[in-house]
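Colleague: Return atomic coordinates for the entry below.
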Amino acid sequence: MEIIEASRKFIYRNARPLDLARWHYLFENGSKQPVIDALSSYQNPDGGFANALEPDCWNPNSLPIQTWVATRIIDEIELNDKQHPLITNLLNYLETTTAFNCHCWHGLNNISSNNEYPHAPWWSYDAEAGSGYNPTASLIGFILKYADKTSSIYNLGIRLLIEAYDYLKANTPLASMHETACFVELYDYLTAEPLNIIDLNEFKALCMQSMKALLTFETSLWDTTYSCKPSLFIKNKKSDFYPELAELCAYECKFIKQTQNVDGTWNVTWDWGEYPREWSISENWWKSDIIIKNIKFLKSMI
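Modeller: Just a heads-up that it's a prediction; the model follows:
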């Protein structure tokens with residue numbers, strides 16, 4: 001496909017080693033080991049992740065959302081060795097970090113040290129901000145999948161799951177697309193390994209209600225604004241949420257094909273408004289990440 005070849009050339013010319021390794025693994029039958037090696041370089045001695053793994057924040061201190069990004073890549077490459085140091089050290093960070101209020105891990109703007117490093121404005125510290133369930137909901141699912149069932153962090157995951165379920169029931173429809181996406185990821189974890197602790201049918205219905213409230217159905221806005229598209233929630237046709245949103249998913253595939261730039265990228269529809277030199281670097285990193293997400297989505301909808 002011409003669309004893939006154009007993106008491939010951009011990745012080879014511009015991507016970070018991590019994203020080049022992801023490209024190899026996902027689209028060129030590459031090994032997962034280079035992905036593991038590159039991802040490990042973003043992991044700190046405390047087991048958490050940092051160092052602009054998520055390119056909008058250059059804080060070198062371990063952060064829950066940066067650590068959540070690592071969990072998504074671990075799942076992407078299907079690293080199922082629960083004793084792998086990448087995973088055990090990550091779980092240790094989640095259990096021991098002070099960026100946790102006994103109910104939720106801190107979100108984007110709950111970390112004061114963010115202000116000391118280049119970052120997007122939505123990462124700026126706000127002493128009045130609550131943590132919410134971005135990324136906590138998804139991290140709960142990761143814990144329940146990977147932690148030893150006799151461990152203290154697994155028991156913590158069970159408690160947090162019940163709390164998250166109660167929160168979802170009390171606050172649906174959710175106001176945040178990213179918080180909703182984290183609940184969808186939790187749902188996906190739970191359907192893969194059911195625990196019979198919560199009503200998954202109700203959980204699914206609550207997630208769908210929030211998704212429908214947040215999706216940008218005015219598709220003319222997609223190319224110029226930070227829009228909520230179905231690919232944020234639906235990874236492939238096997239998703240339990242796909243049937244109700246199949247038409248919008250098909251449209252997104254057409255949109256992706258129609259809006260690729262000549263250099264193989266897609267527009268980054270946000271910017272920092274400050275730190276112009278650092279943003280120009282992060283913007284380039286985001287282009288590779290968006291390429292991978294778009295090509296993954298196209299292939300998953302075939």
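Colleague: just the helices in this structure please.
Modeller: 2-14, 17-27, 33-40, 64-76, 85-96, 136-146, 152-171, 177-192, 200-214, 246-258, 276-300 (DSSP state H).
Colleague: any chance of these in CSV, with mean neighbour count and mean pLDDT too?
Modeller: (Glycine included, C-beta is placed from N, CA and C.) Output for those, formatted as CSV (neighbours: other CB atoms under 10 Å; pLDDT from 0 to 100):
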stretch, mean neighbour count, mean pLDDT
helix 2-14, 15, 96
helix 17-27, 19, 98
helix 33-40, 18, 98
helix 64-76, 22, 98
helix 85-96, 19, 98
helix 136-146, 25, 98
helix 152-171, 16, 98
helix 177-192, 22, 97
helix 200-214, 17, 98
helix 246-258, 15, 97
helix 276-300, 18, 98
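Colleague: residues touching Pro121, list them.
Modeller: With contact set as CB atoms under 8 Å, 6 or more residues apart in numbering, Pro121 has these partners: Trp272, Gly273, Glu274.
Colleague: Would you check how far apart it and Ala50 are?
Modeller: 19 Å (CB to CB, to the nearest Å).
Colleague: How about the residue nearest the centre of the chain: what's its closest non-neighbour residue?
Modeller: Nearest to the geometric centre of the chain sits Val69, at 5.1 Å (CA atoms, centre = their mean). Counting by CB to CB, 6 or more residues apart in numbering, Glu54 is the residue found nearest to Val69 once chain neighbours are left out, at 4.7 Å.
Colleague: Then Asp81?
Modeller: Excluding the flanking residues, the one nearest Asp81 by CB to CB, 6+ apart is Ile87, at 7.2 Å.
Colleague: For that neighbour, which residues are in contact?
Modeller: Ile74, Leu79, Asp81, Tyr146.
Colleague: switch to 10 Å and redo it
Modeller: Neighbouring residues of Ile87 by CB atoms under 10 Å, 6 or more residues apart in numbering: Gly47, Ala70, Thr71, Ile74, Leu79, Asn80, Asp81, Phe142, Lys145, Tyr146, Ala147.
Colleague: Same check on Thr88?
Modeller: By CB under 10 Å, 6+ apart, the residues touching Thr88 are Gly47, Asp81, Lys82, Tyr146, Ala147, Asp148.
Colleague: Pick the one among these closest to His106.
Modeller: Gly47 (15.7 Å; CB to CB).
Colleague: Quick one: neighbours of the closest one, just the number.
Modeller: Residues near Gly47, counting by other CB atoms under 10 Å, number 22.
Colleague: And the one 5 residues further on, by the same measure?
Modeller: For Ala52, the neighbour count with other CB under 10 Å is 20.
Colleague: how close does it sit to Ser288?
Modeller: For Ala52 relative to Ser288 (CB to CB), the value is 13 Å.
Colleague: One more: Phe241?
Modeller: 27 Å.
Colleague: what's the nearest residue to Glu179 once chain neighbours are set aside sitting at in phi/psi?
Modeller: Spatial nearest neighbour of Glu179, chain neighbours left out: Asn134 (4.3 Å); criterion: CB to CB, 6+ apart. Note on Asn134: backbone dihedrals following degrees, to the nearest 10 are phi -110, psi 110.
Colleague: residues in contact with Asn134?
Modeller: Contacts of Asn134 (CB under 10 Å, 6+ apart): 64-65, 68, 104-105, 107-108, 174, 176-183.
Colleague: Mind doing that once more with 8 Å?
Modeller: Ile65, Gly107, Leu108, Ser176, His178, Glu179, Ala181, Cys182 are the contacts of Asn134 under CB under 8 Å, 6+ apart.
Colleague: Kind regards, and thank you for your time.
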